[in-house]
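Colleague: how would this look folded up:
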Amino acid sequence: MTASGQEPARLPLRVADRFFLAAHTGENRLSARIDGALVALGCAGALLAELILEEEIAVTPSVRPSGKGRCPDFLSWVILREIRQEPGHDLRTWLEYLGLTATEKVRARLTMTDVLREVPVSAGWRGGTAAAWRFAETGASKAEEELEVLFTSSETTAGSDVITIPARLAEITLALLVRETGLLRQVRLPKHIARQGDYRMESWEPRIPGPLRTLINEVAAARGQSAITPRH
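Modeller: Just a heads-up that it's a prediction; the model follows:
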């Protein structure tokens, strides 16, 4: 609470935050909608997407720092620092490396910003307690609602125009990551909206900047190569 009696403004959710929330459900305890390896892959891709959107990294095709290091949050800065220390690796290498801890780090960022809360749960036969997480507010995960709006809202650019608006690119990148990790199948959308979404994503993908398009393709390839399948 601020001195004026109002709740402080919450930091805007970033691409990885929104992917993590879309990938989980459950009121009292978070449960992943898809396999944990797919959640990690999506979070890793989303963290790299954030740096591409901030113009802090370039894909040439190796990943290299290209900005001034003015990341809006600590997690992005830490990842950028690692890329600066290890320039020249390709996207697949960074997806694999970041995927080792991406889920936990994004979850920690959401906990720090009060979107998630840690709750103790029984550790079962081992005794004691273990950690779990839940949404700080009821209905915090609105994946279905966000995707429905994205897939049905009026287009602001012509069908052949390159998309350059950062906020729009973030939304589209999120949708494409949801598709390529298999999460879209687990988000319950009406059939006609899902079909509209498929059509729009096919039209968006050629119109996003090359580095983001390359990232999306690498996420799809990483999922295919590891033979990870969505949870049913």
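Colleague: Leaving out the residues flanking it, which one is nearest to residue 144?
Modeller: With C-beta to C-beta, 6 or more residues apart in numbering as the criterion, residue 144 has its nearest non-adjacent residue at 5.6 Å, and that residue is residue 187. In short, each C-beta sits where N, CA and C put it, glycine included.
Colleague: Helix, strand or coil: sort out residue 58 for me.
Modeller: Following DSSP: H, G, I helix; E, B strand; the rest coil, residue 58 is assigned to strand.
Colleague: How about the contacts made by it?
Modeller: Neighbour list for residue 58: 64, 65, 66, 211 [criterion: C-beta atoms under 8 Å, 6 or more residues apart in numbering].
Colleague: Please report the distance of it from residue 147.
Modeller: Distance, residue 58 to residue 147, by C-beta to C-beta, to the nearest Å: 29 Å.
Colleague: again with residue 72
Modeller: 24 Å.
Colleague: May I have the secondary structure class of residue 176?
Modeller: Strictly by three-state DSSP, residue 176 counts as helix.
Colleague: Pull up the gap between it and residue 35, please.
Modeller: In this view, residue 176 and residue 35 are 19 Å apart by C-beta to C-beta.
Colleague: same thing with residue 51?
Modeller: 25 Å.
Colleague: more neighbours, those two?
Modeller: Neighbour count, other C-beta atoms under 10 Å: between residue 51 and residue 35, residue 51 has more, with 23 against 17.
Colleague: Wasn't that one part of a helix?
Modeller: Yes - using three-state DSSP, the secondary structure at residue 51 is a helix.
Colleague: how about it, what does it touch?
Modeller: Applying C-beta under 8 Å, 6+ apart, we find residue 51 in contact with 57, 71, 76, 79, 80, 83.
Colleague: Is there a quick PyMOL command that grabs whichever of those residues are buried?
Modeller: This is how PyMOL selects the buried members of the contacts of residue 51, with burial counted by 16 or more other C-beta atoms under 10 Å:
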select buried, resi 57+71+76+79+80+83
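Colleague: mind listing which of the contacts of residue 51 are in strands?
Modeller: Counting by DSSP state E, those place residue 57 in strands.
Colleague: for the contacts of residue 51, which one is nearest residue 181?
Modeller: Set against residue 181, the nearest of the contacts of residue 51 by C-beta to C-beta is residue 79 (19.1 Å).
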